[in-house]
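[1] Test case, fold it:
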Amino acid sequence: MFQIWTKRGRREVAEYPWEADAQQEFVLLEERARLRSRRRWTRGIVAGTIVFAYASAGAAVFYLNMSSPSSRASTELQPRPPAQQATEPARVIDTEAGFEFKVPEGWSADSSGSRTVVSSPDRDASVSIAVAPDGDISDSSKEIMANLAVGWVGVRSEMPLVRTVAGQPALSVGGTAIDPTGPIRFLAIVVDGGERNYAIAVSVPRQRGTSFTPAIQTILSSFKPLGAA
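    Got it, this is the predicted structure:
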């Protein structure tokens with residue numbers, strides 16, 4: 001017969017007919033004792049931490065209230081700053097070339113003769129607006145594309161599309177190519193402005209093309225020949 005000291009209930013000695021049973025019970029009791037001790041120690045640490053946190057917070061609030069009694073009142077009485085209003089995009093009016101358009105925020109515009117180039121902040125994307133060759137916009141579009149493709153390789157043009165820009169008939173040709181900066185996506189638009197044609201050439205990095213869409217749309221939607229309704 002094997003006995004172990006249990007320390008539970010009134011009976012403090014347990015008897016087991018086999019040594020293996022007594023050893024198993026002893027190990028179980030030892031593990032339970034360690035768990036109870038660990039839980040009591042953890043609860044004590046957590047309780048002490050909470051008490052310390054509340055005491056520290058109370059002391060901090062008391063110190064702030066004593067050191068600056070008028071800070072809260074002065075903060076509440078301060079008027080709110082007026083809401084910032086969206087700034088109107090800058091407008092380019094080229095009286096010599098006879099057109100105008102809005103410049104997207106952060107972009108820059110450089111004019112030379114009858115041609116204006118609008119560049120993104122990092123200068124990776126550009127929109128060129130200029131006077132195009134006179135005549136039928138289909139013939140003018142072919143001439144514009146031939147000029148644009150100088151220095152490009154691997155040019156792949158899409159089918160021309162008839163569209164409207166500033167209420168005027170236009171012909172656009174999109175596609176992809178590789179220029180000295182790398183793979184690009186381009187869009188060449190020829191607008192029938194009545195007295196003269198206008199060419200709008202867009203060039204953006206192929207991998208980042210969609211990120212420039214809002215800015216390019218600002219230019220295209222605001223473009224119009226001077227004197228047009």
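[2] So what's the residue count around residue 201?
    21 (other CB atoms under 10 Å). For the C-beta atoms, the positions are set from N, CA and C on the backbone; glycine is no exception.
[3] err, residue 94, not the other one
    Residue 94: 19 neighbours (other CB under 10 Å).
[4] And the helix or strand containing residue 164, what does it pack against?
    Assigning secondary structure by DSSP states H and E places residue 164 in strand 161-165. Secondary-structure packing of strand 161-165 (3 or more CB pairs under 8 Å, 6 or more residues apart in numbering; DSSP states H and E): strand 168-179, strand 182-192.
[5] try it again with 10 Å
    Counting by 3 or more CB pairs under 10 Å, 6 or more residues apart in numbering; DSSP states H and E, the packing neighbours recorded for strand 161-165 are strand 168-179, strand 182-192, helix 213-222.
[6] Pull the residues that contact the shortest one.
    To tie it back to what came earlier, the one meant is helix 213-222. Residues outside helix 213-222 that contact it (CB atoms under 10 Å, 6 or more residues apart in numbering) are 89, 91-92, 100-107, 109, 118, 120-121, 125-127, 129, 163, 165-166, 170, 172, 187, 189, 191, 200, 202, 204, 209.
[7] redo that, cut-off 7 Å
    By CB atoms under 7 Å, 6 or more residues apart in numbering, the list of residues contacting helix 213-222 from outside reads 89, 101-102, 104, 107, 118, 120, 127, 165, 200, 202.
[8] Lowest-confidence one in those?
    Least confident of the contacts of helix 213-222 in the model: residue 89, at 70.
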